[in-house]
Each structure stands twice: as structure tokens, then as C-alpha cells.
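# Fold the following, please.
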Amino acid sequence: MTDAKLLSSLATGAGLIDSCGDFGIHIARDGTWFYHGSPIGRLPLVKLFASVLRREADGTYWLVTPAERGMIEVEDAPFVAVEVQARGSGSEQILSFRTNLDDTVDAGENHPLRFASDPQTGEPGPYVLIRGALEAKIARSVFYHLVELGCEREIDGASVFGFWSNGTFFPLDTLTPDT
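The predicted structure is shown next:
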């Protein structure tokens with residue numbers, strides 16, 4: 001097999017990587033990693049697992065090494081944004097997020113913010129893209145701080161509340177006179 005074909009097989013999971021099925025790892029909504037129901041208490045071990053974490057197009061999560069891959073369960077998002085820091089102001093503002101595993105990203109075109117509404121409560125669920133298709137759920141306290149950093153902007157004749165970071169505006173919601 002040629003080197004290019006080998007690399008392609010490894011990258012796509014075709015052929016050479018053994019699928020180990022379910023690894024018995026679960027990431028809770030609060031970002032705690034569990035192995036067969038017991039929390040994994042060693043942060044360096046969790047960081048090692050997180051370094052090989054991948055999300056497939058179908059929404060499943062896998063730990064992938066050159067030799068094997070195994071599925072894991074993720075309740076919401078694999079990471080939690082536990083801190084936000086702002087530099088600058090207005091459209092020049094940069095929002096830096098730190099996760100529970102000490103990854104740091106600056107929100108912007110490559111690391112967008114996303115807001116999903118809870119279908120039952122209507123409450124916004126804020127996320128920031130960390131790497132690849134992996135997101136961090138923004139912790140409630142961090143979201144409250146983020147809201148303090150937001151501003152109004154007119155888009156298509158509507159007043160929209162949102163956040164600037166790295167020259168990109170991320171809308172949270174359209175404002176009406178009663179909001």
C-alpha cells in the first residue's frame with residue numbers, strides 16, 4: 001500500500017483502523033468525563049482523550065487513534081466554556097473563551113458563536129466552536145458575563161442584540177419594543 005493510500009485510510013477510518021465499538025466513556029452536560037459510570041478524575045488523562053476526540057457528520061462522537069476508534073456518548077457538548085475575557089470594544093472587540101480542559105479560542109469566523117433555543121423553555125443555549133466540529137457549551141455564569149459585553153446593531157431594519165468578536169457580529173436575538 002502506498003503512503004498516500006495509507007494516510008487516506010487512516011484519515012477516513014477505512015480499512016486499517018479497528019473499530020472497538022462503544023468505549024464506555026460518557027461526557028456529562030457539565031463537562032465531566034465518566035468511564036463505565038465512574039468520573040475520570042485525572043485531568044491529564046481527560047485531556048489526552050479529548051485530543052483524539054472527533055465528531056462525525058451524523059453527530060456521533062469517537063475517540064480515534066491511528067490504530068483504533070471507539071464511540072463515546074456526549075450529553076450536550078464535549079467541552080464547557082468556563083471563562084470569557086474581552087479585549088477591545090465595539091467591532092474591534094475580541095472575545096476569548098477558555099474551556100474546562102484549558103483550550104482557549106478567540107471567537108470569530110473560525111470559532112463562531114452559536115445560539116440554540118431550548119424547545120421547551122425557549123432559553124438560549126450558547127456554544128462556541130473549539131476545533132473541527134467540536135463545540136463548548138458556554139456555562140450559564142459565562143453567558144451572563146457575555147450578555148454584559150453585548151450590544152445592539154441594526155440588521156435589515158431590525159434592532160438585533162448580539163456580540164462582536166474579531167470583526168464578526170454574532171446575533172443572539174431580534175429586539176422588539178417589549179424586550
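# Nearest the geometric middle of this protein, what residue?
With distances taken as CA atoms, centre = their mean, the residue of the chain nearest its centroid is E135 (1.0 Å).
# Quickly list what it is bridged to.
Judged by DSSP bridges, the bridge partners of E135 are L129.
# hang on, A107 packs against P126?
No. With contact defined as CB atoms under 8 Å, A107 and P126 do not form a contacting pair (10.6 Å). In short, each C-beta sits where N, CA and C put it, glycine included.
# Can you pull the residues that touch both of these two?
Common neighbours of A107 and P126, using CB atoms under 8 Å, 6 or more residues apart in numbering, are L113.
# If you average pLDDT per helix and strand, which one of this protein comes out bottom?
helix 3-12 (a mean of 39; mean pLDDT, DSSP states H and E).
# who's in contact with the closest residue to V46 other than its chain neighbours?
Using CB to CB, 6 or more residues apart in numbering and skipping residues adjacent in sequence, the residue nearest V46 is W33, 4.8 Å away. W33 sits next to I25, H26, I27, P39, I40, V46, F49 when contact means CB under 8 Å, 6+ apart.
# check contacts around the last one.
Meaning F49. F49 makes contact with I25, W33, I40, L63 under the criterion CB under 8 Å, 6+ apart.
# what helix or strand does it sit in?
When elements are assigned from DSSP states H and E, F49 belongs to helix 43-51.
# ok, now the second one?
For H26, the element it lies in under DSSP H and E is strand 18-27.
# Which other helices and strands does that strand contact?
strand 33-35, strand 61-64, strand 68-74 (3 or more CB pairs under 8 Å, 6 or more residues apart in numbering; DSSP states H and E).
# surely G125 meets D118?
Yes. With contacts counted by CB under 8 Å, G125 reaches D118, the gap being 5.9 Å.
# on that earlier part again, contact partners for the residue nearest to the centre of the chain?
Contacts of E135 by CB under 8 Å, 6+ apart are A77, P78, F79, R114, Y127, V128, L129.
# ok, now T168?
Per CB under 8 Å, 6+ apart, neighbours of T168: A107, G108, E109, P112.
# Contacts for stretch 111-123, please.
95, 97, 105, 107, 124-130, 135, 163, 165, 168, 170, 172-173.
# again, 6 Å this time
Residues from elsewhere that reach stretch 111-123, judged by CB atoms under 6 Å, 6 or more residues apart in numbering: V105, A107, P124, G125, P126, Y127, V128, L129, F170, L172.
# ditto for stretch 141-153
Applying CB under 6 Å, 6+ apart, the contact partners of stretch 141-153 are A81, V84, A86, P126, S159, V160, F161, F163, F169.
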